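Engineer: below are the sequence and a predicted model for it; my questions follow.
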Amino acid sequence: MTRAADFTGTPAVPGVAYAPVIWTSPRPELVTGRPRVPEADRDDQKTALRSAAATVAGRIRDRGSAASGVAAEVLTANAALAEDRGWLGAVEKLIATGTPAAEAAAEATDQFTTLFAQMGGLMAERVTDLRDVRDRVIAEFEGRPEPGIPTPSEPSVLCADDLAPADTAGLDADLIVGIATVLGGPTSHTAIIARQLGIPCVVAVRELEGLGAGRFVLLDGEAGALTVDPDPALARARVDAAREESRRSTSWTGPGRTSDGIPVAVLANVQDGAGARAARDTAAEGVGLFRTELCFLDRDFEPSVQEQADIYGEVLEAFAGRKVVIRTLDAGSDKPLRFAHHQDEPNPALGVRGIRIAARNAGILERQLDAIALAAEHVGHRPLVMAPMISTAAEAASFGDAVRAHELVPGVMIEVPAAALQADRLLRHVDFLSVGTNDLTQYTMAADRMSSELASLTDPWQPAVLSLVATAAAAGRRAGKPVGVCGEAAADPVLACVLAGLGITSLSCAGAAVARVGAKLGSVTMGACARAADAALATDSPVAARAAALGALETP
Ligand code: PEP
Ligand code: MG
């Protein structure tokens, strides 16, 4: 008999995991103004701080030896930072004057990070690393759990209030086998990155705080449910069955087409070279969205043109000879980039984000296009380049000119309702459109995509959203230009059929979803997709839209 779930939330990434729970720990708050350390205690504080630093260094080094490639190099370098004589010397000097150890570690770190920033280049990149080491050493010194995402010693389900993209991007899918968060919606970046890594994920889980670390849970990413301490044999059987089902759908080999042979390309969303190489192992026909900003979330300074070109080149190489759509930096809102100099805004999702950062940061777009052109020349493969958050035809025109001047093919994203409504005009200036249903839903429904309370509004099945997708697709048909979807809607096999029925010409989703989407599309005719689209458009709610579409797809 199946037990009712103990915790429920919004399903974000399908799949089943059975493992013990680990929680992220908060970064220590740097409290200042504590009483000075009496002279007699200063040597003890120095010894305790040094021992905390040695423990942290040892822990990071152990992780480094268990990792490989770049991760191993980064961890080894960070271990060395925790034991850096100059830094520890500066901390001890401050303790010797009576500064409490945690405050001394923070102050010495500030001295060093200022110096690193002035030196620029590779040293400047170490600023984030030293701050991370500082937080770990202070937490260890104060006897608190290691901050951030712990590295578990066995496969675990990671629970968190929310995860920053910078945290999620570095997750090891062999160790973090499931994710559950208190906050976030199905299109939050936590969910997007989890999907890209193929980690089953449930977001907006009510009362998740009550789930203690170490408890075994069965996490079902499709049902959006967590069951605590289930029968181990039954839980393992569920995990095996889910694996088997995913193996069956992964037997789909492409290319994307309906059962009556109408092509609808199924592409992959990627975040870097490693993601692209992983996506190449799926049946994805190309890359429909390369989110370039995700490569730079941890950077304090804009990477040089050459460094950017090397990174973009990795993705082009992985899909050489196939379609690759590179998106220019979509910085801002929940994906701030330090080098994009965001100001404090009361409402950043409606603020300077996406293409709008180009106006504030002289040359940032030009340098990124230089880098993409350089990568294209080096690899001998010309990508398509699109801009995020376009709202007007004038923005599309200026972006189109800039991209063509680099001998690249321009397109724009449809994420703002104004852009969908003006799609005909936008298409006068660019060669393709790509609908970002995550933001299009957020802006159409005036509902923050990060809000767990508004999850039923931030649902791309909302008929109003489907109607705007239909408007953009119709404009593409009139102009004879392709219109794809690269938001999370394309990862839902049933919704993917509806989108095809609305006239969408390609679907780009996380590599982990490619086979399921392709297999579903291959099981229905384009006529059935069109009927499903009409049926969904004629409803009043996401639930009714999905039911109507399912009914239409099942009717021969
Ligand atoms: C979207 O908004 O649908 C999209 C693909 O962009 P992102 O999720 O990166 O904002
Ligand atoms: Mg978007």
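Structural biologist: Yep, that arrived. Ligands and ions are numbered 1, 2, ... in the order given.

Engineer: what comes up buried for the helix or strand where residue 243 lies?
Structural biologist: Using DSSP states H and E, residue 243 sits in helix 232-249. For helix 232-249, a neighbour-count test (16 or more other C-beta atoms under 10 Å) marks 235, 238-239, 242, 246, 249 as buried. The C-beta positions use only the backbone N, C-alpha and C, and glycine is treated the same way.

Engineer: show me what the longest helix along the chain is packed against.
Structural biologist: In the chain, taking DSSP state H as the definition, the longest helix is helix 42-66. Based on contacts counted as 3 or more C-beta pairs under 8 Å, 6 or more residues apart in numbering; DSSP states H and E, the elements that helix 42-66 packs against are helix 69-82, helix 85-96, helix 101-119, helix 121-141.

Engineer: residues touching residue 448, list them.
Structural biologist: Residues counted as contacts of residue 448 (C-beta atoms under 8 Å, 6 or more residues apart in numbering) are 185, 349, 442, 454, 458.

Engineer: the first one against residue 452, yeah?
Structural biologist: The reference is to residue 185. Yes - at 6.3 Å, residue 185 and residue 452 qualify as touching, with contact defined as C-beta atoms under 8 Å.

Engineer: between the two, which contacts overlap?
Structural biologist: Common neighbours of residue 185 and residue 452 (C-beta under 8 Å, 6+ apart) are 10, 203-204.

Engineer: in strands only, show me those.
Structural biologist: Applying DSSP state E to the shared contacts of residue 185 and residue 452, the entries found in strands are 10, 203.

Engineer: get me the contact residues on the stretch 201-350 of the chain for ligand 1.
Structural biologist: 289, 291, 330 (C-beta under 6 Å from any ligand atom).

Engineer: so the last one makes contact with residue 352?
Structural biologist: Right, residue 330. No - counting by C-beta under 8 Å, residue 330 does not reach residue 352; the two are 11.9 Å apart.

Engineer: under the pLDDT cut-off, which ranges of the stretch 1-150 of the chain? List them.
Structural biologist: Residue ranges of the stretch 1-150 of the chain with pLDDT under 70: 1-4, 66-74, 120-122, 124-125.

Engineer: need the residues of this protein near ligand 2, please.
Structural biologist: With the criterion set to C-beta under 5 Å from the ion, the chain comes near ligand 2 through 415, 436, 439.

Engineer: now those as TSV including neighbour count, secondary structure and pLDDT?
Structural biologist: Converted to TSV, the residues of the chain next to ligand 2 look like this (neighbours: other C-beta atoms under 10 Å; DSSP: H, G, I helix; E, B strand; the rest coil; pLDDT from 0 to 100):
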residue	neighbour count	secondary structure	pLDDT
415	26	coil	98
436	27	coil	98
439	23	helix	96
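
Engineer: now do the SS call for residue 18.
Structural biologist: On the three-state scheme (DSSP: H, G, I helix; E, B strand; the rest coil), residue 18 is labelled strand.

Engineer: contacting residues for the residue nearest to it when sequence neighbours are not counted?
Structural biologist: Distances taken as C-beta to C-beta, 6 or more residues apart in numbering place residue 235 nearest to residue 18, at 4.1 Å, with adjacent residues excluded. Going by C-beta under 8 Å, 6+ apart, residue 235 touches 18, 216, 218, 227.

Engineer: just how off-centre is the longest helix of the chain within its chain?
Structural biologist: 32 Å (C-alpha atoms, centre = their mean, to the nearest Å).

Engineer: which of the residues in it are buried?
Structural biologist: For helix 42-66, by 16+ other C-beta under 10 Å, it's 42, 45-46, 48-50, 52-53, 55-57, 59-61, 63-64.

Engineer: in which helix or strand does the residue in the stretch 51-200 of the chain that ligand 2 sits nearest to reside?
Structural biologist: In the stretch 51-200 of the chain, the residue that lies nearest ligand 2 is residue 187 (8.6 Å; C-beta to the ion). For residue 187, there is no helix or strand it lies in under DSSP H and E.

Engineer: help me confirm that it comes into contact with residue 441.
Structural biologist: Yes - the pair residue 187 / residue 441 is scored as a contact, 6.9 Å apart, by C-beta under 8 Å.

Engineer: follow-up on the earlier one: let me have the residues of the stretch 201-350 of the chain next to ligand 1 in TSV, extended by pLDDT and neighbour count.
Structural biologist: Output for those, formatted as TSV (pLDDT from 0 to 100; neighbours: other C-beta atoms under 10 Å):
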residue	pLDDT	neighbour count
289	98	28
291	95	23
330	96	24
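
Engineer: distance to residue 128 and secondary structure for these - can I get that in a markdown table?
Structural biologist: Formatted as a markdown table, those follow (distance: C-beta to C-beta, whole Å; DSSP: H, G, I helix; E, B strand; the rest coil):
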| residue | distance to residue 128 | secondary structure |
| --- | --- | --- |
| 289 | 26 | strand |
| 291 | 20 | strand |
| 330 | 21 | coil |
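
Engineer: closest to ligand 2 out of the residues you listed?
Structural biologist: Nearest to ligand 2 among these, with distances taken as C-beta to the ion, is residue 330, at 6.1 Å.

Engineer: who touches the closest one in this structure?
Structural biologist: Taking C-beta under 8 Å, 6+ apart, one finds 291-293, 353-354, 388-389 in contact with residue 330.

Engineer: out of the shared contacts of residue 185 and residue 452, who's the most crowded?
Structural biologist: When neighbours are counted by other C-beta atoms under 10 Å, residue 203 leads these with 30 neighbours.

Engineer: state the distance from that one to ligand 2.
Structural biologist: Counting by C-beta to the ion, to the nearest Å, the separation of residue 203 from ligand 2 is 17 Å.

Engineer: do the same with residue 19
Structural biologist: 31 Å.
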